[in-house]
Structures are given as C-alpha cells and as structure tokens.
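Colleague: please work out how this folds:
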Amino acid sequence: MTRTRTHLEAGKERYTEIRDFSLDSLALDPNNVRFKHYRTPLIADEMERIIWDEPDTKKLLTAILNSGGLSEEPYVSPDGIVLEGNRRVVCLRKARELQRQGRVDERIPQGAFDPVPVRVFVNGISDTELAVARARWHVSGKKDWDAINQAHHLYEMHDGLGMSYDYISGSLGMGKATVVKKVRAYQLMSEYMQATGDGDINRYSYFEELQKNRRARTWLEEDPHNRALFFSWIRGGRLNRTGAKDVRQLMDVLEDDDARYAFEADGGDMVKAMFEMQAKNPAINSRTFAALDKAIEALRRMPRAEYEAIPDNEAQVQMLEALGKEISDALEHLGID
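Modeller: The predicted model follows:
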C-alpha cells in the first residue's frame with residue numbers, strides 16, 4: 001500500500017495511503033465550497049446535479065472516457081467523505097453508467113471506473129490543515145474554483161478559522177496583498193447582500209474589481225455614504241456598460257461633472273456617463289486615438305538629453321517626420337486647417 005508523507009502545518013506530518021473505494025461508498029462533501037451559498041442543506045442527488053451542471057464537468061468526463069480512468073486520485077476521509085475531487089467522483093459515476101449502457105469504447109475493461117483508487121488521510125487532518133490543503137489545491141494551485149469560491153475559502157480561513165494574513169500567504173505561496181484583497185472583497189460583498197437583500201453571488205466580481213483599484217477603494221473607505229452609494233449603483237444596474245469592469249472607470253466618471261450627472265441622474269447609468277467622457281476624450285473608445293494620446297504623452301515626457309540628441313539620429317528624425325506627415329495629410333484630407 002503506497003504511503004505518502006505531506007506537511008500541511010508547521011511541525012506536523014500527515015500521511016496518505018492509496019486505497020480502493022467503491023463509488024457507492026464515496027460521499028460528496030456537503031461542506032464543499034460550491035454549496036456554501038445554499039441556505040438549506042443539500043441531499044446527495046442535489047449536490048451531484050449542481051456539479052454535473054458546471055461546464056467543466058462534462059469536459060472532465062470526456063477526458064476520463066478518453067483515458068479510461070483518472071490520472072489523479074481524489075482525497076477522502078477514512079469514512080469515505082470526498083475532501084477533494086468531488087467533480088471527479090461525479091464524472092466516474094457518469095462514466096460507469098455509460099459503460100453499463102454499452103456507450104463506452106469496448107477497449108476499456110469493465111470495472112475501469114469502479115472501484116476507484118483514492119488517497120486517504122490515515123492519521124487524521126485538522127480543520128486548519130484541511131483548509132490549507134484545499135486552498136493549495138483550488139486557490140493557489142490548479143484553481144478550478146470560481147473566483148467567488150476562492151475568495152469565500154480564504155475568508156473562511158481568515159475569519160472562520162482565525163488564520164492571519166501572513167500565515168495564509170506563507171502557507172499558500174500567495175502574495176499577502178492578494179489574499180487581503182480577496183478576503184476584503186468577500187467581506188464587502190457580504191455587507192452588500194445583507195444591506196440590499198440581493199442574493200446574487202455573481203456580484204462578487206464588482207467588489208474584486210474595487211479592491212484592485214486603489215482610487216476606488218480609497219473613495220469607498222473614506223465615507224460610509226460612498227459605500228451606500230456603491231451598493232445602490234450595483235443593485236440598481238447603473239454599472240451596465242461592461243459590468244464589473246465599469247468599476248475601473250468609475251473614479252474618472254465621478255471626477256467629471258458632466259459624466260457624473262449623466263451617471264447619477266434619474267435613468268442615468270455608465271453607458272450615458274461614458275458617452276459624455278468620450279465626447280471630451282476620444283482616446284477612451286478608440287484604439288487609434290488611445291495610441292495617439294500615448295504618443296503625445298511620450299513626447300511630452302521625453303528626457304531632455306534624448307530630446308536634444310534627436311538631430312544626430314537619422315532614424316529618429318525620419319520617424320518624427322513620418323508622424324508629422326501622416327498627421328498633416330489627415331488634417332488636409334479632412335479639411336481641417
């Protein structure tokens with residue numbers, strides 16, 4: 001029996017052994033992060049349906065059918081709770097069903113999908129160790145969890161299990177700033193849900209974008225009224241141009257009187273606000289003018305020594321002359337004096 005040693009917490013060793021479990025003896029984990037947002041406990045069939053409905057599950061089933069089994073063992077508790085690999089177990093059950101129906105390549109032998117080799121923690125595992133392990137598997141590792149699930153797990157590690165940001169960062173090999181931003185984004189989303197009654201967990205992306213944007217984050221934190229405003233804008237659908245990515249332009253809108261009025265007025269939204277912004281700055285909605293804007297800024301910021309050396313560099317002179325000619329030709333063609 002293969003035994004593997006692993007370290008999940010300082011000073012402690014945990015061992016896993018590969019054992020064969022029948023598929024029917026394995027139970028999906030009701031504490032899986034996928035199910036955290038359901039208000040009532042789920043029965044086994046409901047958990048399996050939720051996992052099966054995820055787009056990546058069917059891709060995994062295809063891979064399992066093509067290879068004739070798993071390439072990586074699930075981790076389970078000694079009593080058969082699937083701690084990691086719930087999607088794989090669901091796919092194996094589907095594969096077994098297809099094989100019984102004669103819909104699997106005949107070269108795959110009977111019993112290829114059941115029983116299944118799994119890794120069992122033979123000397124126990126604490127809640128802290130399991131949380132760290134899951135984060136390594138799904139947050140800093142292969143990351144098959146959605147962003148909201150990753151953030152929820154980090155939040156549980158910090159707020160639920162009392163792990164410090166430094167401990168989480170060091171255990172996962174993730175930057176502390178990244179961990180903090182994800183946890184704070186989840187905390188803010190939870191406040192939003194409680195304040196507005198909106199139960200849509202997909203709203204998380206708005207708060208992650210906000211945590212990534214220093215200006216927006218500072219604005220939100222400097223006045224409780226701003227937090228209420230931000231919540232109302234999300235709930236009211238005002239950030240409707242690119243969804244959560246609208247947060248990236250939000251501060252520019254709020255700092256422009258015309259754009260802010262178009263955004264906050266009755267019936268206002270980000271589409272109308274950006275229309276006002278684009279009327280003043282064509283670089284916002286045009287790659288060409290965005291490039292021209294960068295070129296103008298680069299010329300303005302050119303170091304003096306480089307600027308004064310241009311006459312002695314023929315290639316640089318030719319590039320500037322070509323740029324000047326293209327601009328001159330465009331103005332002439334458009335009838336602009």
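Colleague: which intervals of this structure have sub-threshold pLDDT?
Modeller: 1-3, 5-12, 141-143 (pLDDT under 70).
Colleague: how distant is the longest strand along it from the center of its chain?
Modeller: The longest strand of the chain (DSSP state E) is strand 12-21. Taking C-alpha atoms, centre = their mean, to the nearest Å, one finds strand 12-21 lying 31 Å from the centre of the chain it belongs to.
Colleague: what comes up buried for it?
Modeller: By 16 or more other C-beta atoms under 10 Å, the buried positions in strand 12-21 come out as Arg14, Thr16, Arg19, Phe21. All C-beta atoms are positioned from the backbone trio N, CA, C, and that covers glycine.
Colleague: same question, stretch 20-28
Modeller: Phe21, Leu26, Ala27, Leu28.
Colleague: please enumerate residues in contact with it?
Modeller: Contacts of stretch 20-28 from elsewhere in the structure, counted by C-beta atoms under 8 Å, 6 or more residues apart in numbering, are 44, 47-48, 51, 74, 76, 80-82, 86, 89-90, 92-93, 96, 113-118.
Colleague: quick check: end-to-end length of that stretch?
Modeller: By C-alpha to C-alpha, to the nearest Å, the extent of stretch 20-28 from end to end equals 16 Å.
Colleague: neighbours around Ile327, how many?
Modeller: Residues near Ile327, counting by other C-beta atoms under 10 Å, number 11.
Colleague: that one and Ile336, how far apart?
Modeller: 10 Å (C-beta to C-beta, to the nearest Å).
Colleague: swap in Lys325?
Modeller: 15 Å.
Colleague: same check on Glu191?
Modeller: For Glu191, the distance to Ile336 equals 52 Å [C-beta to C-beta].
Colleague: of the two, who's got more company?
Modeller: More crowded of Glu191 and Ile336, by other C-beta under 10 Å: Glu191, with 13 against 7.
Colleague: which other helices and strands does the helix or strand harbouring the more buried one contact?
Modeller: Per DSSP states H and E: Glu191 is located in helix 176-196. Where contact means 3 or more C-beta pairs under 8 Å, 6 or more residues apart in numbering; DSSP states H and E, helix 176-196 is packed against helix 147-155, helix 165-172, helix 204-212, helix 224-235.
Colleague: can you list these in a markdown table and add distance to Asp246?
Modeller: Listed next are the helices and strands packed on helix 176-196 as a markdown table, based on distance: least, C-beta to C-beta, whole Å:
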| stretch | distance to Asp246 |
| --- | --- |
| helix 147-155 | 17 |
| helix 165-172 | 29 |
| helix 204-212 | 8 |
| helix 224-235 | 9 |
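Colleague: for these, which one sits closest to Ala295?
Modeller: helix 204-212 (27.3 Å; C-beta to C-beta).
Colleague: residues near Val90, how many?
Modeller: Neighbours of Val90 under the rule other C-beta under 10 Å: 23.
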